[in-house]
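*Asks:* no FASTA, just this:
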């Protein structure tokens, strides 16, 4: 569960979020829409505990959160790791007592689920942006998070990878995982339990946005 209790936040005296109230229950699929610069990134950073509110409070009750950023690059272009090695890193902080065979099985299952088995021995520096994003998602999922936070995770993906990602997110929700999904595409959120808009520092439900006359959004 994540709750915002009258949260406000400013950068250099410029309000970014204003008196935001929001609540996400365990296992919910929440979609977030909104224009660039509307406050979505700040909202996510507060939800993840990376920022502290200047007014109000953020309450966290999640045991394990995995975060997928929208970037499709790696910080070190010479990072000499294969797809399998990167996905395996998701298990490092889990159970150090994992037996080799059990660890290999878990990695194999995740590579197959993310359609990465054919790429398992390829260096990540050789991947496309969409392929790299799938590797990052696999690494996040293999740690069995209770909540998956995705910030426009389809950046750089081709159409096939994009559809695969959306079906995966919907399947994970059906399995009971919480999903907090920031997207530019309303049709990606058709299976969401709730959809919110963040614009001009305010968070509104889909119904509230329609009441304001923003009928351009089609779900």
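*Replies:* Now that the structure is in, tell me what you want to look at. Only a predicted model underlies this, so the values are computations on that prediction, with no experimental measurement involved.

*Asks:* how about the strands in the protein?
*Replies:* For the chain, the strands defined by DSSP state E cover 2-11, 14-24, 29-33, 55-60, 65-68, 147-151, 178-182, 194-199, 202-205.

*Asks:* which residues touch the closest residue to residue 164 other than its chain neighbours?
*Replies:* Once flanking residues are discounted, residue 164 sits nearest to residue 115: 6.1 Å by C-beta to C-beta, 6 or more residues apart in numbering. In this view, the C-beta of every residue, glycine as well, is placed from N, C-alpha and C. For residue 115, the contact set (C-beta atoms under 8 Å, 6 or more residues apart in numbering) comprises 134, 161, 164.

*Asks:* Serialize the residues you listed to JSON lines and add fields for pLDDT, neighbour count and distance to residue 18.
*Replies:* Listed next are those as JSON lines, based on pLDDT from 0 to 100; neighbours: other C-beta atoms under 10 Å; distance: C-beta to C-beta, whole Å:
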{"residue": "134", "pLDDT": "87", "neighbour count": "26", "distance to residue 18": "36"}
{"residue": "161", "pLDDT": "81", "neighbour count": "19", "distance to residue 18": "36"}
{"residue": "164", "pLDDT": "84", "neighbour count": "17", "distance to residue 18": "37"}
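
*Asks:* tell me which of those residues is nearest to residue 55?
*Replies:* residue 134 (38.7 Å; C-beta to C-beta).

*Asks:* Hey, what's the angle from the longest helix seen in the chain to strand 147-151? Just curious.
*Replies:* The longest helix of the chain (DSSP state H) is helix 159-174. If you take axes from the mean of the first three to the mean of the last three C-alpha atoms, to 10 degrees, helix 159-174 sits at 150 degrees to strand 147-151.

*Asks:* Residue 69: neighbour count?
*Replies:* Neighbourhood size, residue 69 [other C-beta atoms under 10 Å]: 15.

*Asks:* Would you mind giving me the confidence score for it?
*Replies:* Note for residue 69: predicted pLDDT of 83.

*Asks:* got it, and residue 218?
*Replies:* For residue 218, pLDDT reads 49.

*Asks:* swap in residue 42?
*Replies:* 92.

*Asks:* Distance check, it against residue 189.
*Replies:* 20 Å (C-beta to C-beta, to the nearest Å).

*Asks:* Give me the more crowded residue out of the two.
*Replies:* When residue 42 and residue 189 are compared for neighbours, residue 189 comes out ahead with 24 against 20, by other C-beta under 10 Å.

*Asks:* Great, nothing more from me.
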